[in-house]
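A structural model of the following input is requested.
(one chain, ligands or ions: 1)
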Amino acid sequence: MFQLRFTTLVEAPLTVAFDVARSLGRPWGHPLEEVVSERPWRDVYRAAPGSGWRTLVHTRHFSATGDGTRVEEQLDVDTGLGPADRLLRRRVERAMQAHLDAFAAAAARRALEVTQVVGAALVDDRRRVLVAQRGSGPLAGLWEFPGGKVERGESDLTALVRECTEELGVRVQPQGFLGEVPLDGVVAGGPPGASTLRVWAGRIVAGELVAHEHTELRWLAADELEDLAWIAADRPLLPAVRTLLTHP
Ligand SMILES: Nc1nc2c([nH]c(=O)n2[C@H]2C[C@H](O)[C@@H](COP(=O)(O)OP(=O)(O)OP(=O)(O)O)O2)c(=O)[nH]1
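Residues are numbered from 1 along each chain as shown. Purely as a prediction, here's the structure:
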């Protein structure tokens with residue numbers, strides 16, 4: 001019996017890392033059956049009963065970070081053949097390393113096809129967050145984090161600073177990463193994984209706030225977050241914003 005763990009940081013949003021991992025399969029020939037699939041957070045596969053393995057379970061966790069998606073994998077293997085486990089372990093380890101390098105490269109390539117939106121949860125000295133009401137388009141009237149689409153060749157944080165200057169007339173300093181949500185079908189329709197929103201905490205460091213593109217700007221305290229008419233896709237990020245405001 002042995003257990004192997006691998007951690008890979010992939011320069012791609014969650015949905016892309018998850019979908020590419022699944023399309024690549026695994027570096028061994030034995031077919032596995034899926035027992036859990038929670039896109040884009042987690043999946044678990046195991047060798048089917050009767051396949052000859054006493055245990056073969058492959059668990060993957062995907063989590064968003066400021067630098068991309070962290071993929072944590074665990075393999076639990078028992079051939080039931082004692083010493084054969086040791087040989088197998090070395091082979092699986094080598095095969096997995098090469099496989100994970102290829103996975104990271106493939107996911108980074110696929111990420112280039114995704115529309116990435118960045119948002120800023122800007123916090124003031126009174127522990128309030130700035131929210132903005134969209135003025136036009138299908139989401140007009142709903143509230144969001146200031147921000148916008150990352151342009152080709154631009155980093156997420158460069159885009160965040162640029163968008164805040166364009167939309168609000170201020171210079172912001174991004175701080176900790178707050179989270180990521182899929183925007184499938186929200187930005188431009190498109191297939192699952194076609195767009196994502198990644199949000200950072202931040203502060204205004206220069207300039208006077210002006211709503212250049214939004215109908216209205218508001219500063220909200222933690223207990224006012226829930227009642228706002230948010231773009232629905234943003235709601236899963238609210239607990240992290242609340243934590244930011246209550247435990248700075
Ligand atoms: N800025 C922002 N956009 C969001 C949020 N939630 C959400 O679904 N979106 C969607 C709305 C839009 O479809 C898309 C962002 O596009 P945008 O039109 O603001 O981007 P942009 O400023 O780069 O505009 P453009 O160049 O396409 O005109 O992401 C959010 O919290 N903030």
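
what's the lengthiest helix in the chain packed up against?
In the chain, with assignment by DSSP state H, the single longest helix is helix 84-111. If contacts are counted by 3 or more C-beta pairs under 8 Å, 6 or more residues apart in numbering; DSSP states H and E, helix 84-111 sits against strand 2-10, helix 14-24, strand 68-78. To be clear about C-beta, it is placed using only N, CA and C from the backbone, and glycine gets the same treatment.

next, the angle strand 68-78 makes with it.
Between helix 84-111 and strand 68-78, the angle comes out at 160 degrees (axes from the mean of the first three to the mean of the last three C-alpha atoms, to 10 degrees).

list the buried residues of helix 84-111.
Counting neighbours by 16 or more other C-beta atoms under 10 Å, one finds that the buried residues in helix 84-111 are 88-89, 92, 96, 99-100, 103-104, 106-108, 110-111.

so this protein: which segments form each domain?
Domain assignment for the chain by automatic domain parsing gives 2-111, 115-246.

could the ones you listed go into TSV alongside distance to the ligand?
Formatted as TSV, the entries for the domains of the chain read as follows, by distance: least, C-beta to the nearest ligand atom, whole Å:
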stretch	distance to the ligand
domain 2-111	13
domain 115-246	3
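
strands of the protein, residue ranges please.
In chain order, the chain shows strands spanning 2-10, 32-38, 42-47, 55-65, 68-78, 115-122, 129-134, 143-144, 147-149, 171-182, 195-206, 214-220, with DSSP state E as the criterion.

pick the most buried one from those strands.
Highest mean neighbour count of these: strand 115-122, a mean of 24 (counted as mean count of other C-beta atoms under 10 Å).

may I have the beta-bridge partners of residue 115?
residue 195 (DSSP bridges).

quick check: it touching residue 191?
No: between residue 115 and residue 191 there is no contact under C-beta atoms under 8 Å: 11.7 Å.

so what's residue 188 scoring on pLDDT?
At residue 188, the pLDDT value in this model is 59.

could you do residue 98 as well?
On the pLDDT scale, residue 98 is placed at 94.

what of the one 3 residues further on?
According to the model's per-residue confidence, residue 101 sits at a pLDDT of 96.

that one and residue 107, how far apart?
11 Å (C-beta to C-beta, to the nearest Å).

check the gap between residue 56 and residue 134 for me.
Counting by C-beta to C-beta, the gap between residue 56 and residue 134 amounts to 49 Å.

whoops, I mixed them up, residue 140
When C-beta to C-beta is the yardstick, residue 140 and residue 134 sit 5 Å from each other.

the longest helix of the chain versus strand 195-206: what angle between them?
Using the same axes, to 10 degrees, one finds that helix 84-111 and strand 195-206 are set 70 degrees apart in direction.

distance from the chain centre to helix 84-111, please.
When C-alpha coordinates are averaged (C-alpha atoms, centre = their mean, to the nearest Å), helix 84-111 and its chain have centres 22 Å apart.

which stretches of this structure have low pLDDT?
Filtered on pLDDT under 70, the chain yields the residue ranges 185-190, 192-193, 248.

and with 80 instead?
Low-confidence regions of the chain, defined by pLDDT under 80, span residues 29-30, 50-52, 80, 82-84, 184-194, 248.

can you list residues touching both of residue 140 and residue 134?
Common contacts of residue 140 and residue 134 (C-beta atoms under 8 Å, 6 or more residues apart in numbering): residue 215.

correct me, but residue 54 touches residue 78?
Yes: the pair formed by residue 54 and residue 78 meets the contact definition of C-beta under 8 Å, at 4.2 Å.

quick one, what contacts residue 33?
45-48.

ok, what's across the strand from it?
With DSSP bridges as the criterion, residue 33 is bridged to residue 46.

now residue 242. Nearest residue, chain neighbours left out?
Counting by C-beta to C-beta, 6 or more residues apart in numbering, residue 222 is the residue found nearest to residue 242 once chain neighbours are left out, at 4.9 Å.
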